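Engineer: Turn this into a structure:
(2 chains)
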Number of protein chains: 2
Amino acid sequence: MKPSEGRKRVIIEEIQPSVDAGRYPAKRVLGDTVTVTAAIFADGHDHLGARLLVRHHTERSWQTQAIPFTELGNDLWSASFTADKLGLWYFTIEAWVDHFDTWVSDLQKRLASQADGTQDIPLAMLIGANHLDAIANRARSADRKTLKDAAKAFRDLAEVKLPHYKSPVTSDLTALAAQYPNLPYATRYATELPVWVDRKRARFSSWYELFPRSASNTPGRHGTFRDVEARLPEIAAMGFDVLYLPPIHPIGVAFRKGKNNSVTAEPGDVGSPWAIGAPEGGHHAIHPELGSFEDFNSLVAATRYNGLEVALDIAFQCSPDHPWVKAHPAWFTPRPDGTIQYAENPPKKYQDIYPLNFESSDWKGLWDALYGVFKFWVDHGVRIFRVDNPHTKALPFWEWCIAEVHKSTPDAIFLAEAFTRPHVMYSLAKAGFSQSYTYFTWRNDKATLQAYFEEICNPPVSDFFRPNVWPNTPDILHAQFQVADPAQRRSIFMSRVILAATLSANYGIYGPAYELCEGRPGPTMPGKTGSEEYLDSEKYQLRTWDRSDPISIAPLITQLNRIRFENIALQSNEGLHFHPTDNDQLLCYSKTSVEPSNPDLLNTILTVVNLDNRYPQSGWVDLAMDKLGLPWDEAFEVIDLLTGITYPWQSGRNYVALDPAAPAHIFRVVRK
Amino acid sequence: MKPSEGRKRVIIEEIQPSVDAGRYPAKRVLGDTVTVTAAIFADGHDHLGARLLVRHHTERSWQTQAIPFTELGNDLWSASFTADKLGLWYFTIEAWVDHFDTWVSDLQKRLASQADGTQDIPLAMLIGANHLDAIANRARSADRKTLKDAAKAFRDLAEVKLPHYKSPVTSDLTALAAQYPNLPYATRYATELPVWVDRKRARFSSWYELFPRSASNTPGRHGTFRDVEARLPEIAAMGFDVLYLPPIHPIGVAFRKGKNNSVTAEPGDVGSPWAIGAPEGGHHAIHPELGSFEDFNSLVAATRYNGLEVALDIAFQCSPDHPWVKAHPAWFTPRPDGTIQYAENPPKKYQDIYPLNFESSDWKGLWDALYGVFKFWVDHGVRIFRVDNPHTKALPFWEWCIAEVHKSTPDAIFLAEAFTRPHVMYSLAKAGFSQSYTYFTWRNDKATLQAYFEEICNPPVSDFFRPNVWPNTPDILHAQFQVADPAQRRSIFMSRVILAATLSANYGIYGPAYELCEGRPGPTMPGKTGSEEYLDSEKYQLRTWDRSDPISIAPLITQLNRIRFENIALQSNEGLHFHPTDNDQLLCYSKTSVEPSNPDLLNTILTVVNLDNRYPQSGWVDLAMDKLGLPWDEAFEVIDLLTGITYPWQSGRNYVALDPAAPAHIFRVVRK
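Structural biologist: As a prediction, the model looks like this:
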């Protein structure tokens, strides 16, 4: 069957950014220049025109300001718009054959050859006049006369026989004519491509995780929100901007876990905050020992006052004592004996946890209730959610729920705590999670670190997946940290947080345990070799931390956050590039960004890390100068932002030596 | 807004083959096993099931034979179907959570741990029985009883208290249960992906181009179809299977080009066959001097009888004398002086050619007429069309026209003669062209040959673009062939046809000029350096060829076509792999295919070509053994199919020396 209009000759393909051909939004942040590229071409050699059509989802029609494309060569074109509003945007492309522009270009060639007498210039002028008349008929009345006058001038020129013709075409005329393409013959790309615009913290954030119940500083006394509030200035001084709290809800009693994950709790054991729900309430309640809603509101406000934000942990699972178990049995899985199915990974049982059933006959009620949890805490001033195990909840639920929260709260940020197969992790990000935990913890050597960050920091992945890298979490004390020698242990804690803070614009640490280089592993689970659990894990008991211990690396962390704050190169992952070194223990990479205040000014951070926590390592770094925004043969200076020392560096190979006690350089490239 | 069914938990992504997300069909040939891969996953750890839904476009519903997927690991799955009918096919994927299969897997783990007394096996049996009941209710009545009986057996087992339980699950039972997924909760991929199935010649063909008017063997006498018929046995003996004729229509007189592209024709000059149309007729007519329709029909039949097929050249352009110029002036571009716009590339004029105007107000009439040209020659027995300059006709026209021809004639093959920008060439292939001319002619050194063939012989390009590579055409005598020394010239003609015939499953030569190593360049065009035209080009005059000239490489070409015919590895481009050599003048590559008659039998052709036509070259080839289908440490033999000599080769590095007089080895790998 023929198309309704066969005269649309332009093809539009390969549009970027585009996630799964527009099935999911690409992610950007407020103020970003969103650059759209596409292959735009037609048969033959006619000149083309194209424009970007853009609208915020609240706008019913495309923005009237035309955004023209410019040609990059090889049929690739580029245009951009500024994402000046949070939320969902759409864009598409319209492109057409520009007969007048083709004619202008041909005319230059005819005029250049007119001396040989083969060119019929007057006839060419008449053809140009006809093009202009057609354009005039499409033009706004204000422009019509200008175009008609130009057409008449062309015709007048065709009437006279001159020994030498000059072009009557001005750049004003071509610019005016370009405003009136013949849209009925223009190709409109069939899909409207979505872009989700977050606030900047979705791309650049520094997280500090802390168990409020361990914040009391008095051994044995259950910490409170007020205790956390007292610690805020210190955390703010370290330079963090997100304070992440594990679940704050009442904790179940049935099958409560004891210290060190013991299956039998002793009297007084506080249980795991992730076993949510007790007679006092579930996901809408606060654990009584942490404080009241008034205390919580006060903490939220004080956090903001200190330049941070609270991130709440949302874990959609229930202890057997959760009110939903009685009120909504349909949201769980019944067993033939009338009991409810607890979490299992046969033969292992997790009887303190009832998973929610996403194949419930009342799935609509369940979805609404889970959405209601986010909405409830949004209404209490929370805008950042760290979501526990999202990969065990239906993916279509997340796509709906996050969109639903974003409708009224486009500044909400969701971090997906999923350590599972790559497709599932990426799918959660596509479904709407703003940030994602990563495999960073298990990427420990040079080759795997480089390969992994090259994968996640470049399109297509970087268009939808924003890494938030954590050297440790309460669940993961990687074997590399389980080192007896204090100096070696301190070195690996230092190098891993340097990697996290400089490789990824979003990073976080699990609080005092990290500063104080806590490396004692907990009991090994049956059937496993080694443990990634902490000894005396805060997941199951109160802890008191001696933050004055001289092993603390808090001063380094403070420096890192300051460096991140002062250097925009570290505030996104876009310019990440790895530079070869001749030593497998030395990892070298740079990030380069343009200062928004001055497009000519580049900020480049060049980091070299010694991955060996036992021995000094030295070697040669081979710089890709263009990735530093430098001419290939430039000599330049680098200043180590950790020490303040300046070094003369040069194009190509440079020598580096790093001791485990100071395992990295974080250089800023000094431009002349 | 919530989806209509929120219990569909499975995500399906990354489906292959897929050209622009299903916008265009992927190409395969009759009898192909079409392997479909996809990422299929859900939240959590439940087992999944998936099936491939397939239909030929003539079928209104999916084929009833269920095609199950198998898991490849990392959430990737694969299934396949046999393309046993020409034409357009559609496929899509349906996938679901398989609760029974998950239960079976969990049961094995429970049974393995039953000794420790922690596992409630009877309760597990009751859960399994409930799954089976649900499956039974979905089952065909013939299977229902079996499933119900199994459920009862499970329940009976739950009633007894045994010291040790054994699994009551049989492989028959799991296979039966797998036939009845819970389809209301299954995810169906939203797009039906198209696959176009051609006959095999679309993928594997050997073309011989010949000017019929030069076929007379008598200097000065205009050749005829009968003369071509007389030459058929000789062309067939060389092993070609497509005989491609330049346009056979009456040739315009107005502005006819003379010998060597002179702008003024002398009396008796025969003109260019691409200046189509004269008072005798246009695209539906035959040049009177070539013969009658009866002669043409006879040639078509004789060609088939000799194991070849005629390919016609369809050039959609008109001489000023073409009947359409008067009958359909709207199909051309009028100029203000009342004349019709001839072809131009200012300041150059091609006054013997009127291009068709694809922005004609009568574009529908024009499209129908052009389609009618194909239909006319299809009705005269032609099934292969070499389309001249398709990139100067609107791309949407081609998509419609080729689909329209294919509706009634799915065995029609279209070769796109486009030497233009990559996007346009690929877009023509997406629009439906079965084969495409390539940049092969201008890829002359090792690095560019390898990069180019890696691009066009791998997905995504190979899913829609089938190269047909030509060392020469009547338009292109590459500078490399313009060599005075006969031995050197013969060497380059040999090596280039060897490359063409072994790199690409489709290849062709422009006839006697190639066998006879014709390398004399024509006049250089104004403003150009060098010429790719032939001296005394057949495009503008009759030629007589002395095929007994001892320089002829016809014997080599005959060998090449026999080798291609006898080795399926050379009949597709799928298994192409380049092996490193330590000499930039030695190009080494292999192709490996499975013998369809015996899936365990591999056919591997390993080619080494000396790219230097002046000096012998030698060096070491470093074999990727897995690409030859050999164990990494195997010693093996290779037989040179050009000489019959056998060599012992080994894993890893092997020495090769090649003289310009015999510039290649074409080895078949001999398997033990």
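
Engineer: Would you mind listing the residues in contact with residue A:245?
Structural biologist: Contact analysis of residue A:245 by C-beta atoms under 8 Å, 6 or more residues apart in numbering or on different chains lists A:209-212, A:228, A:310-313. All C-beta atoms are positioned from the backbone trio N, CA, C, and that covers glycine.

Engineer: go with 6 Å
Structural biologist: Residue A:245 sits next to residue A:212 when contact means C-beta atoms under 6 Å, 6 or more residues apart in numbering or on different chains.

Engineer: start to end distance for stretch A:233-245?
Structural biologist: Its start and end residues considered, stretch A:233-245 measures 16 Å (C-alpha to C-alpha, to the nearest Å).

Engineer: Flag every buried residue along that stretch.
Structural biologist: By neighbour count with 16 or more other C-beta atoms under 10 Å in any protein chain shown, stretch A:233-245 contains the buried residues A:235-236, A:238-245.

Engineer: Tell me how many other residues crowd the nearest residue to residue A:432 once chain neighbours are set aside.
Structural biologist: The spatial neighbour of residue A:432 that comes closest, neighbours along the chain excluded (C-beta to C-beta, 6 or more residues apart in numbering or on different chains), is residue A:402 at 3.3 Å. For residue A:402, the neighbour count with other C-beta atoms under 10 Å in any protein chain shown is 24.

Engineer: again, but for residue A:61
Structural biologist: When counting by other C-beta under 10 Å, one arrives at 7 neighbours for residue A:61.

Engineer: hey, what's the spatially closest residue to it that is not a sequence neighbour bridged with?
Structural biologist: Excluding the flanking residues, the one nearest residue A:61 by C-beta to C-beta, 6+ apart is residue A:55, at 6.8 Å. Residues in a beta bridge with residue A:55, per DSSP bridges, are residue A:90.

Engineer: which ones are touching residue A:55?
Structural biologist: A:62-63, A:90.

Engineer: per-residue confidence at it?
Structural biologist: We have a pLDDT of 98 for residue A:55.

Engineer: Relative to residue A:85, how far out is it?
Structural biologist: To residue A:85, residue A:55 is 10 Å away according to C-beta to C-beta, to the nearest Å.

Engineer: Check the model's average confidence along stretch A:159-173 for me.
Structural biologist: For stretch A:159-173, mean pLDDT is 94.

Engineer: what's the first-to-last distance across it?
Structural biologist: End-to-end distance for stretch A:159-173: 21 Å, by C-alpha to C-alpha.

Engineer: That stretch near chain B at all?
Structural biologist: No. Using C-beta under 6 Å from any C-beta of the partner chain, stretch A:159-173 never reaches chain B; the gap is at least 12.2 Å.

Engineer: Kindly check the end-to-end length of stretch A:594-602 for me.
Structural biologist: 5 Å.

Engineer: Stretch A:546-564 now?
Structural biologist: End-to-end distance for stretch A:546-564: 27 Å, by C-alpha to C-alpha.

Engineer: Equivalent analysis for stretch A:300-318, please.
Structural biologist: 25 Å.

Engineer: does chain B sit close to that stretch?
Structural biologist: No. Contact of stretch A:300-318 with chain B (C-beta under 6 Å from any C-beta) is absent, the minimum separation being 11.2 Å.

Engineer: who touches that stretch?
Structural biologist: A:229, A:232, A:236, A:241-244, A:246-247, A:274, A:277, A:324-325, A:353-356, A:370, A:377, A:381-382, A:384-388, A:393.

Engineer: so how far is it off the chain centroid?
Structural biologist: The chain centre lies 20 Å from the centre of stretch A:300-318; the measure is C-alpha atoms, centre = their mean, to the nearest Å.

Engineer: Excluding chain neighbours, give the residue nearest to the residue of the stretch 401-550 of chain A found nearest chain B in space.
Structural biologist: Using C-beta to the nearest C-beta, the closest approach of the stretch 401-550 of chain A to chain B is made by residue A:423 at 4.3 Å. Using C-beta to C-beta, 6+ apart and skipping residues adjacent in sequence, the residue nearest residue A:423 is residue B:75, 4.3 Å away.

Engineer: Same check on residue A:546?
Structural biologist: Counting by C-beta to C-beta, 6+ apart, the nearest residue to residue A:546 once its immediate chain neighbours are dropped is residue A:516, at 7.3 Å.

Engineer: give me the element residue A:658 is part of.
Structural biologist: In the assignment (DSSP states H and E), residue A:658 maps to strand A:653-658.

Engineer: average pLDDT across that strand?
Structural biologist: Mean pLDDT, computed over strand A:653-658, is 97.

Engineer: near chain B, anything from the helix or strand where residue A:36 lies?
Structural biologist: In the assignment (DSSP H and E), residue A:36 maps to strand A:33-42. Yes. Counting by C-beta under 6 Å from any C-beta, chain B has neighbours in strand A:33-42: A:39, A:41.

Engineer: list the helices and strands that strand packs on?
Structural biologist: If you count contacts as 3 or more C-beta pairs under 6 Å, 6 or more residues apart in numbering or on different chains; DSSP states H and E, strand A:33-42 packs onto strand A:10-16, strand A:76-82, strand A:87-97, helix B:422-431.

Engineer: Against chain B, how distant is the spatially closest residue to residue A:544 that is not a sequence neighbour?
Structural biologist: Of all residues not flanking residue A:544 in the chain, residue A:219 sits nearest, at 4.6 Å (C-beta to C-beta, 6+ apart). For residue A:219, the distance to chain B (C-beta to the nearest C-beta, to the nearest Å) stands at 36 Å.
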